[in-house]
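Participant: Have a look; sequence and predicted model below, questions after that.
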Amino acid sequence: MGRAQQMMLESGVPLAPPAQVAEQARDFWTGYLDMWQRFVAPPAADAAERPKEKDRRFANPAWRANPAFDWMRQSYDLIADHMLRSIDALEGVDDRTRAQLRFATTGFVDAMSPSNFAVTNPEVIEKTIETRGQNLLTGLNNMLSDIGKGQLTHTDGTAFEVGRNLAATPGKVVKRTPLYELIQYAPTTETVLATPLVIFPPWINRFYILDLTPEKSFIRWAVAQGVTVFMVSWKSADASMADVAWDDYVAAQIEAVDTIRALLDVPAVHTVGYCVAGTTLAATLALLAARGEADKVASATFLTAQVDFSRAGELLHFVDDEQLKMIGTLSPNGYLDGRYLAMTFNLLRGRDLIWNYVTNNYLLGKDYAPFDLLHWNGDVTNLPAKWHLSYLTDLYRDNRLVEPGAMQVAGVPLDLTTVRTPAYIQAGREDHIAPAESVWKLTHHLRGPQRFVLAGSGHIAGVVNPPAANKYQHWISDAPAESLDDFVAAAREVKGSWWNDWADWLRGRGPDSVAADGARVPGTGALPAIEDAPGSYVRAR
C-alpha cells in the first residue's frame with residue numbers, strides 16, 4: 001500500500017517543477033508518517049470527543065473501530081488529498097485544462113474509495129457475514145437489472161406513477177403537435193389573473209418536475225394563487241424528429257403563446273422558461289423583438305437558465321472537439337438516447353449519484369428508497385441529435401448567443417440586447433448545472449426591468465421548493481449590482497421559498513382579474529379537450 005501511494009504521487013512528478021515536487025513529496029511523507037504515528041500509538045481520547053465524520057462514506061463506526069479499516073480510510077484520504085493538490089500545483093497548463101484534469105482526477109479518486117469494494121468496506125463484510133451473503137446476491141440482482149435497462153437505478157420504481165401521484169394536477173390537453181402537447185390546468189379559484197401563464201420546461205427531462213407530488217407541485221400552487229396555467233409537454237425524440245432544430249423549439253414557443261392569446265382573447269401572456277427552455281425563451285424574445293411583436297409576452301421568468309456560457313460550470317468538460325465527435329456517433333437513428341445524458345449528469349456528482357448507489361444497492365443489497373425527485377431524474381427523454389449537437393457547439397462551446405447577430409432563427413439575426421420584456425431571474429446558489437454566476441450574466445444581456453433572486457440549494461431543489469415546506473432560503477436586493485458578489489453583499493436573506501416573491505412580482509406586472517369561467521375552464525373554449533392531463537407525450541418512451 002505504501003508503494004502504491006508513492007507510485008500515485010510520482011505520476012504527477014514530470015508535470016511539476018522540481019522544487020514543487022520536493023515540497024509535495026515532503027508534505028506527503030510528513031502526512032504519511034504522521035498517520036502511521038497515530039496508527040501505532042493512537043491518542044487516548046474518549047470516543048465521544050472524536051470529531052464527527054463529515055464524509056458519509058465513512059460514517060459507520062466500523063471504519064474506526066477496526067485499526068486496519070481505520071488505516072485504509074486515512075490512507076485513502078491522504079492519497080486523494082495529494083492527488084488533487086498535485087493538479088492545482090501544475091504549471092504550464094491553462095485554466096480550462098486544469099479544470100478538466102481536476103474533474104477527471106476527482107472522478108478517479110471517488111471511484112477508488114475503499115467504500116466501493118466489498119473486501120475493503122467493513123460494513124459490507126459485516127453485512128455479508130450477517131446475511132450469509134444474501135446482500136451480495138440481492139446486490140447482484142440489482143446490478144444485473146440496471147445492466148439490462150442500461151441505466152442506474154436511484155429509487156423505488158413502483159412508488160410513483162405519472163397521473164396518480166406525479167403530474168396529477170387536474171387539467172386537459174388542448175393541443176397536440178408533432179413536437180409538443182399543450183396542457184391547460186383547471187382553475188381552483190373564482191377569479192384568476194387576466195394575463196395567463198405558459199411554462200416551457202426543459203426537454204431533457206419530463207415536464208412534471210414542476211408538477212411533482214401535490215405537496216411539491218409548482219403548477220398546483222400557481223393555480224391556487226389564481227393564475228391560469230398552461231404547460232408545454234415536449235415529445236421525447238424518435239427517428240421522425242431527426243431534422244428538428246433549435247428553430248423548431250423557438251417556433252413552438254411562439255406558437256404556444258399565440259394559441260393561448262387566441263383561446264383566451266388576451267393581448268399577452270406571462271412565460272416561464274426552465275433551464276435550456278429558458279435559454280430558448282431568451283432567443284424567442286429576441287426574435288419577437290426583431291419582428292416588432294415583443295408585446296405578445298407580458299413577462300419572462302427564467303429558472304436556472306443561461307444565455308452566456310463562458311462560466312457554465314462542469315458541463316463544459318463535455319464539449320471539446322473529441323467529446324462532440326463522440327456524441328455524434330451515438331445517434332445513428334437521428335436522436336440521442338436519453339440514458340447517455342442521464343449518465344453525463346450522474347458523472348457530475350459521481351460520489352452521490354453513482355458510487356453511493358453502488359455501495360448501498362449493489363454491495364449492501366439495500367432496498368431502494370422512494371424519492372420523487374430521483375424518480376423524475378431517471379425518467380429520461382430522447383433528444384433530436386441534430387439540435388442537441390448544434391446546441392452544445394453553438395452555445396456551450398462557442399458561446400454565440402450573446403454575440404449580437406451571430407445566431408439566427410428563421411433567418412432573423414438574434415440580439416439579446418433588444419429584449420426589454422420584464423424578467424424575473426432565479427438562480428440556485430449551489431447549482432452545479434447552471435452555476436449562479438452564469439445565470440447572473442442574464443442581467444447583463446437583457447435590457448428590460450429585472451428582478452434577480454438567488455435561491456438556496458441547487459438546480460432542482462432550489463426551484464422545487466414550496467412555501468409550505470419552509471426549507472432553504474432566498475436572497476433578494478433592490479440595490480444596483482454589477483456582479484453576483486455585489487448582489488450577495490447587498491442582499492437580504494429571506495427564510496423559505498422564493499415562490500411567494502415571484503407571485504407578488506407577477507401580480508405587479510398586471511393585477512387585473514377575470515372570472516374563472518368560459519375558456520378559462522379547459523376544453524370549454526375554442527380548443528376542445530383531447531385528453532386528461534398529463535397527456536400522452538409524458539408517458540412515451
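Facilitator: Received the coordinates, thanks.
Participant: Beyond the helix or strand containing residue 501, next helix or strand please.
Facilitator: Secondary structure assignment for residue 501, by DSSP states H and E: helix 499-508. Scanning forward in sequence from helix 499-508 by DSSP H and E, the next helix or strand is strand 513-515.
Participant: Which strands and helices lie in contact with that next one?
Facilitator: Under the contact criterion of 3 or more C-beta pairs under 8 Å, 6 or more residues apart in numbering; DSSP states H and E, strand 513-515 touches strand 191-193. Backbone N, C-alpha and C define where each C-beta goes, glycine included.
Participant: mind listing what the strand it packs on pairs with, with the direction of each?
Facilitator: Sheet pairing of strand 191-193 (DSSP bridges) gives strand 513-515 (antiparallel).
Participant: re earlier: who does the helix holding residue 501 touch, helix- and strand-wise?
Facilitator: helix 218-224, strand 297-303, strand 423-428, strand 450-455.
Participant: I'd like the ones you listed as JSON lines, with mean neighbour count appended.
Facilitator: Listed next are the helices and strands packed on helix 499-508 as JSON lines, based on neighbours: other C-beta atoms under 10 Å:
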{"stretch": "helix 218-224", "mean neighbour count": "22"}
{"stretch": "strand 297-303", "mean neighbour count": "25"}
{"stretch": "strand 423-428", "mean neighbour count": "25"}
{"stretch": "strand 450-455", "mean neighbour count": "21"}
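Participant: do you know which of these lies nearest residue 267?
Facilitator: Of all the helices and strands packed on helix 499-508, it is strand 297-303 that lies closest to residue 267, at 8.2 Å by C-beta to C-beta.
Participant: Now do the strands for the stretch 151-300 of the chain: every range, in order, please.
Facilitator: For the stretch 151-300 of the chain, the strands defined by DSSP state E, counting those that start in this stretch cover 171-176, 180-185, 191-193, 197-200, 229-234, 269-274, 297-303.
Participant: how about residue 173, what does it touch?
Facilitator: Residue 173 is in contact with 181-183, 233, 529-533, 535-536, counting by C-beta atoms under 8 Å, 6 or more residues apart in numbering.
Participant: Using TSV, lay out those together with pLDDT.
Facilitator: Compiled in TSV, the contacts of residue 173 are given as follows (pLDDT from 0 to 100):
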residue	pLDDT
181	98
182	98
183	98
233	98
529	98
530	98
531	98
532	98
533	98
535	97
536	97
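Participant: Return a PyMOL selection command for the buried portion of these.
Facilitator: Restricted to buried positions by 16 or more other C-beta atoms under 10 Å, the PyMOL selection for the contacts of residue 173 reads:
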select buried, resi 181+182+183+233+530+533+535
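Participant: out of the contacts of residue 173, who's nearest residue 203?
Facilitator: Set against residue 203, the nearest of the contacts of residue 173 by C-beta to C-beta is residue 233 (9.4 Å).
Participant: any idea how far that closest one lies from residue 207?
Facilitator: Between residue 233 and residue 207 the computed distance is 5 Å (C-beta to C-beta, to the nearest Å).
Participant: Now for these two: what residues contact both?
Facilitator: Residues within reach of residue 233 and of residue 207 at once, by C-beta under 8 Å, 6+ apart, are 201, 534, 538.
Participant: any chance of those residues in TSV, with distance to residue 71 and neighbour count too?
Facilitator: Below are those laid out as TSV (distance: C-beta to C-beta, whole Å; neighbours: other C-beta atoms under 10 Å):
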residue	distance to residue 71	neighbour count
201	49	24
534	53	24
538	51	25
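Participant: got those residues as JSON lines, with pLDDT and distance to residue 102 columns?
Facilitator: Shown next, in JSON lines, are these (pLDDT from 0 to 100; distance: C-beta to C-beta, whole Å):
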{"residue": "201", "pLDDT": "97", "distance to residue 102": "32"}
{"residue": "534", "pLDDT": "98", "distance to residue 102": "41"}
{"residue": "538", "pLDDT": "97", "distance to residue 102": "38"}
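Participant: Redo those residues as a markdown table? Include distance to residue 166.
Facilitator: Below are the shared contacts of residue 233 and residue 207 laid out as a markdown table (distance: C-beta to C-beta, whole Å):
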| residue | distance to residue 166 |
| --- | --- |
| 201 | 14 |
| 534 | 8 |
| 538 | 9 |
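Participant: Among these, which one lies nearest to residue 126?
Facilitator: The closest of the shared contacts of residue 233 and residue 207, once distances to residue 126 are taken by C-beta to C-beta, is residue 538, at 43.2 Å.
Participant: list the buried ones in stretch 501-509?
Facilitator: By neighbour count with 16+ other C-beta under 10 Å, stretch 501-509 contains the buried residues 501-503, 505-507, 509.
Participant: Right, I'll leave it there.
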